[in-house]
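Asker: the sequence and its predicted three-dimensional model are supplied below.
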Amino acid sequence: MRKEALIRWLFLGTAALSIVISALIVLTLARETFTFVTQVDLSSLWSEGWFPRRDLYDIRTLFAGSVLVTLVAMVVAAPLGMGAAVYLAEYARPRVRRALKPILEILAGIPSVVLGFFALTWISPEIVQRMNDEAALFNLMAAGIGVGLLVTPLVASIAEDAMKSVPTALREASYGMGARKVTTAVRVVIPASISGLVAAFILGISRAIGETMVVAIAAGASGGSLFSMNVFERGQTMTAAMASMAGGTDAVKGAGLTFQSLFFVGMMLFLLTLLLNMVAGRFVRRVRQKY
Amino acid sequence: MRIANSGSRRRTTAGRLVTALFAAALAAACGNGDGGRGLGGRIVISGSSTVEPISIGVAEQFDDLHPDTRISVDGPGTGDGFELFCNGETDISGASRAITGQEIGDCRESGVEYLELKVANDGIAVLTSPDNDQIGDCLTFTDIYALAGPESQDFDNWAEANDLAAELGGTRGAPFARAPLTIIGPGEESGTYDSFVELVLEDLAESRGEPAQTRPDYQASADDNVIIQGVEGSDTSFGWVGYAFYDSNRGRLKGFEIAGEDGRCVEPSAEAIAEGSYPISRPLYIYVNKAKMAANPALEAYVEFYVSDPGLATAAEVGYVALNEEEAAATAEAFQQSRPDGSPSPSLSGSPTAAGSPAPQPVGGA
Amino acid sequence: MNAASRTLTSSPEIVRARLQGRRFDAAGFFFRLLLLAAMFVTLGLLALLLFDVVSGGWGVISTRLGDFLTGKLGITAARAGISQGLRGTFFIGVFVVAIAFPLGVGAAIYLEEYAPHSRLTRFIDVNIRNLAGVPSVVYGLLGFAIFVKALRFVTGPESNGATVISAGLTLAVLVLPIVIITSAEALRAVPDSLREAGFGVGATRWEVVRSHVLPYAGPGILTGTVLSLARALGEAAPLILVGATTGYLSEGAGYSLASLQERFTAMPIIIYTWAGRPQPGFQEATAAAIVVLLVVVLLANTVAILLRNRYEKRR
């Protein structure tokens, strides 16, 4: 059966390709990151701001931006996503569910540049600047809300899957004890699926940290920015700083270590999201094992 | 032994889809082969985002004449553009300042010889909100240095710059009233930032032993629209932007008059910039890779069109100050001189021919 | 409380409360209200987004849609068009379909049908899941280092590697893990009895996969792959790093194979660039470009979702 063996090896090859890709990602990032870390003046990693073209690589600035955007995004996405998930899993009648679920999936399919444009042209003037009239048109808050909207369907879909995997028997037992629907949802279904809900939350965070275009368009990121914790001002995240360094063209260049710093930021982003995804994966597996 | 032989020739749905799409791509490929013959060839243009609109405008007109040429234009910034250019990766680099010594060295190292052509003038307007009634209309370089120079970090009120301005002397606007100072300008990746530093701040900074840069704590943006919005956003804002953007948003902004060495306050205007009486103005250049131009007739024709009258007029159409006659003649002359035989390309006969046929000049050290 | 229950006499909650001999279930009512609010705020924002974009771009779409679709990049918003963006996006789609789909489905078949329960299999599986979570901008770095720099002689020696080949390959790599995961899920849904029936009559594994498993899982695989295609068409961040052109592109070689090695742009890049253009008219042009991209992407999504729903109902 030579043909069988051949086909088997062929499929194994396609599967093993993913390992090659991972290795290439790590190697690519590691090579330039090594150059950066060994050559950079370490004090510039802790200075007044992120100005890669002026050899000021304050990583706090980018972390602060990423944390703020992610925080705002999750304040939006967690209640909306979880709420939608509980509604779809526990309350919606099958017909309503069949109508609403595809709409959520359509929301999940909207490209991030579109949400960036929406964040800039609608969320910022209509929501953020009404919230705080000193807010700049380009601000981290609007970007965060945009990212939150982008992450909501992801959170909703994972959370709903987790709740759907709770056996109906548990719910029936609860009703049998005379519990109300809300009690059943809050005291039985949510605790039973808590690992999955936590996973949904963590994956939402990971996605929010990795989102680039919404922030690049709506947060007004450019060459650099000073360290700031004000969400109503313009700012940079790790991802937007990378897009801005790449400069819209083959300008992935620049004086000094600008080029290498791009990979350095990429490496940190990669490690951070990897960590979050692995933690989330652990929670997901816990749900699978339980039921 | 084997079953399902009947199905062995059946393809899966996905397989059929892939085949269909490939067929579609190939069909599309055959539909558009070599059309009319003409000036084929690639022209890759990068560099200053300020010069980008001029190069695009010229490319649009050139494409109408030579549809087979493939031009791409980007605008990452003057510095980034030179890095690519001196690496031999681009044919033309736009620049909103002259090439620097270090960049000249880079180009020489990799053997890139270039031709420098002045194609337009630009000015930088120093801005505030039209609602600003607390600050005077005219500023000197010293005033600007005291507000936005390297020693002004953390000043968030105009009055805080008064001590520094007094120490420097030669001010016009200072002493300033007490009013909140919010500063917004182009990020340091942009040519406008470089020019602002070089034209306004550098001399003062050097005489005081300070780095030639702006204060770091200002709102920086690569997007001129953001800067304009930022300037509008506060009554007593301070910003700067290329003259073109100021000119097309005059109603929303107030441009300071600037006093040069003669102490005369000059308003930013097209005439003042063309004649150089407005102190913060600058020429715009394109740099052309000579070796690539010699090897690529399309590139030569494009540059020839760029320095022709309709080409140079593009600058005014996109909001800059076009070269006056004298300057335009100098640019055309510089181009003709760079040609190996001094003759116009066959495609564009009828354009002025240079008198002599001088050998190519080693511009590398210019 | 009493007032509330009086005005809500027709609510089924109250009927249930009366039937159960209990008072109005306030906690349950408000919880439900909260959930509905979450659902409708989400849907409302989606509707607003669509309205914002369509109304913003309507001026362009209603007056010069033809010119807009066939025009090219430029500095005058009134003349600018998206034909080059559509071309780039089309070719990216072709690359994803031609490369990510077969490789992804192949890998999924291996993992679900062939792989032994070994350490290697588990490692591959975990690795694919982690790859799916890598931010797209990091894939851009990979694409820049590998396709634009290292493989420049293939992807476009005359264009510094910043070509649609590099872009297509980068996005194919980006969606590969997603294709594998969704295809594996579709394969997992195939009942084992089907496979056993095949093995029972002496078929080899490949014969079982080809004639039993794949036809059954086909619609599911197709749904997943179309969804990942839509994802690829909407990505902008990796293209920025790969070097998509933002300013101007000549018409050049059109849809020919030779044009694959030319500089390129794509719909999401056009939207990103135009959104930041200060010249008047570009905000409207951006909105119109978004409408076109949304039509393409959402059409793909809707087809995929409808396909899956039909197929789920049939089972």
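Answerer: Thanks, I have it.
Asker: all strands for chain C, in order.
Answerer: Secondary structure of chain C, counting by DSSP state E: strands at C:248-249.
Asker: next: the stretch 201-350 of chain B.
Answerer: B:219-221, B:237-242, B:254-255, B:257-259, B:265-266, B:281-289 (DSSP state E, counting those that start in this stretch).
Asker: give me the average confidence score over the fifth one.
Answerer: This points to strand B:265-266. On average, the pLDDT along strand B:265-266 is 92.
Asker: next one: the fourth one
Answerer: Along strand B:257-259, the predicted confidence averages to a pLDDT of 92.
Asker: which elements pack onto it?
Answerer: Packed against strand B:257-259 by the contact rule (3 or more Cβ pairs under 8 Å, 6 or more residues apart in numbering or on different chains; DSSP states H and E) you find strand B:138-140, strand B:265-266. For every residue, glycine as well, the C-beta is placed using N, CA and C.
Asker: neighbouring contacts of stretch A:215-222?
Answerer: For stretch A:215-222, the surrounding residues in contact (Cβ atoms under 8 Å, 6 or more residues apart in numbering or on different chains) are A:65, A:69, A:113, A:116-117, A:119-120, A:123-124, A:136-140, A:142-143, A:146-147, A:234-237, A:239-241, A:243-244, B:187, B:189, B:220-223, B:226, C:237, C:272, C:275-276.
Asker: let's see that with 6 Å instead.
Answerer: A:69, A:116, A:119-120, A:138, A:140, A:142-143, A:146, A:234-237, A:240, A:243-244, B:187, B:220-222, B:226, C:275 (Cβ atoms under 6 Å, 6 or more residues apart in numbering or on different chains).
Asker: which of those are buried?
Answerer: Buried by 16 or more other Cβ atoms under 10 Å in any protein chain shown: A:69, A:116, A:119-120, A:138, A:140, A:142-143, A:146, A:234-237, A:240, A:243-244, B:187, B:220-222, B:226, C:275, out of the contacts of stretch A:215-222.
Asker: thinking again about what came up before, just checking, which of the contacts of stretch A:215-222 belong to helices?
Answerer: Residues from the contacts of stretch A:215-222 lying in helices, with DSSP state H as the criterion: A:69, A:116, A:140, A:142, A:143, A:146, A:240, A:243, A:244, B:226, C:275.
Asker: looking at those residues, which is nearest residue B:68?
Answerer: Closest to residue B:68 out of the ones in helices among the contacts of stretch A:215-222 is residue C:275 (31.9 Å), distances taken as Cβ to Cβ.
Asker: contacts only, for residue A:276.
Answerer: So residue A:276 contacts A:202, A:205, A:206 (Cβ under 6 Å, 6+ apart).
Asker: residue 127 - how many residues pack around it?
Answerer: Let's take chain A. Look at residue A:127: counted by other Cβ atoms under 10 Å in any protein chain shown, it has 15 neighbours.
Asker: wrong one, chain C
Answerer: 18.
Asker: then residue C:41?
Answerer: By other Cβ under 10 Å, neighbour count at residue C:41 equals 17.
Asker: helix, strand or coil for residue A:274?
Answerer: Reducing the assignment at residue A:274 to three states with DSSP: H, G, I helix; E, B strand; the rest coil gives helix.
Asker: tell me the spacing between it and residue A:201.
Answerer: To residue A:201, residue A:274 is 17 Å away according to Cβ to Cβ, to the nearest Å.
Asker: who has more neighbours, the two?
Answerer: residue A:201 (21 against 18).
Asker: so which of the contacts of residue A:276 are in strands?
Answerer: Among the contacts of residue A:276, no member falls in strands (DSSP E).
Asker: from the residues you listed, which are also near chain B?
Answerer: Among the contacts of residue A:276, no residue sits close to chain B (Cβ under 6 Å from any Cβ of the partner chain).
Asker: out of the residues you listed, who has the most neighbours?
Answerer: Neighbour counts for the contacts of residue A:276, by other Cβ under 10 Å, peak at residue A:206, which reaches 25 neighbours.
Asker: residues contacting it?
Answerer: A:273, A:276, A:277, C:133.
Asker: most surrounded residue in the residues you listed?
Answerer: residue A:277 (23 neighbours).
Asker: could I get the average pLDDT for the helix or strand harbouring that one?
Answerer: If you go by DSSP states H and E, residue A:277 is part of helix A:258-290. Across helix A:258-290, the average pLDDT comes to 87.
Asker: one more: stretch A:4-12?
Answerer: The average pLDDT for stretch A:4-12 rounds to 89.
Asker: which parts of it are buried?
Answerer: Neighbour counts over stretch A:4-12 (16+ other Cβ under 10 Å) mark A:7, A:8, A:11, A:12 as buried.
Asker: from the rest of the structure, what touches it?
Answerer: Here stretch A:4-12 has contacts from C:106, C:109, C:110, C:114, C:204, C:206, using Cβ under 6 Å, 6+ apart.
Asker: picking up where we left off before, ranking the helices and strands packed on strand B:257-259 by burial, who's on top?
Answerer: strand B:138-140 (a mean of 22; mean count of other Cβ atoms under 10 Å in any protein chain shown).
Asker: gap between that strand and the chain center?
Answerer: Centroid displacement of strand B:138-140 relative to its chain, using Cα atoms, centre = their mean, to the nearest Å, is 26 Å.
Asker: now do the helices in chain A.
Answerer: A:2-39, A:59-86, A:94-108, A:112-118, A:129-131, A:140-164, A:168-176, A:181-183, A:190-192, A:194-210, A:213-218, A:238-246, A:258-290.
Asker: deepest-packed of those, please.
Answerer: helix A:213-218 (a mean of 32).
Asker: pLDDT value on residue A:128, please?
Answerer: 90.
Asker: an error on my part: the question was meant for residue C:30.
Answerer: 89.
Asker: burial count for it?
Answerer: 11.
Asker: by mean pLDDT, flag the weakest helix or strand of chain A.
Answerer: strand A:225-226 (a mean of 71; mean pLDDT, DSSP states H and E).
Asker: return the distance of it from the chain's centre.
Answerer: 23 Å.
Asker: can you check stretch B:135-151 too?
Answerer: The answer for stretch B:135-151 is 25 Å, by Cα atoms, centre = their mean.
Asker: go on, stretch B:102-122?
Answerer: 14 Å.
Asker: that stretch vs chain A: in contact?
Answerer: No. Against chain A, stretch B:102-122 shows no contacts by Cβ under 6 Å from any Cβ, the least distance being 8.6 Å.
Asker: so who does residue A:106 touch?
Answerer: Residue A:106 makes contact with residue C:301 under the criterion Cβ under 6 Å, 6+ apart.
Asker: among the buried residues of stretch A:4-12, which one sits closest to residue C:290?
Answerer: Using Cβ to Cβ, the buried residues of stretch A:4-12 come closest to residue C:290 at residue A:11, 39.7 Å.
Asker: not counting its neighbours along the chain, what's nearest the closest one?
Answerer: residue C:110 (3.5 Å; Cβ to Cβ, 6 or more residues apart in numbering or on different chains).
Asker: just want the most central residue of chain C.
Answerer: By Cα atoms, centre = their mean, the mean C-alpha position of chain C lies nearest to residue C:231, the distance being 1.9 Å.
Asker: quick check: chain neighbours aside, which residue is closest to that one?
Answerer: Excluding the flanking residues, the one nearest residue C:231 by Cβ to Cβ, 6+ apart is residue C:175, at 5.9 Å.
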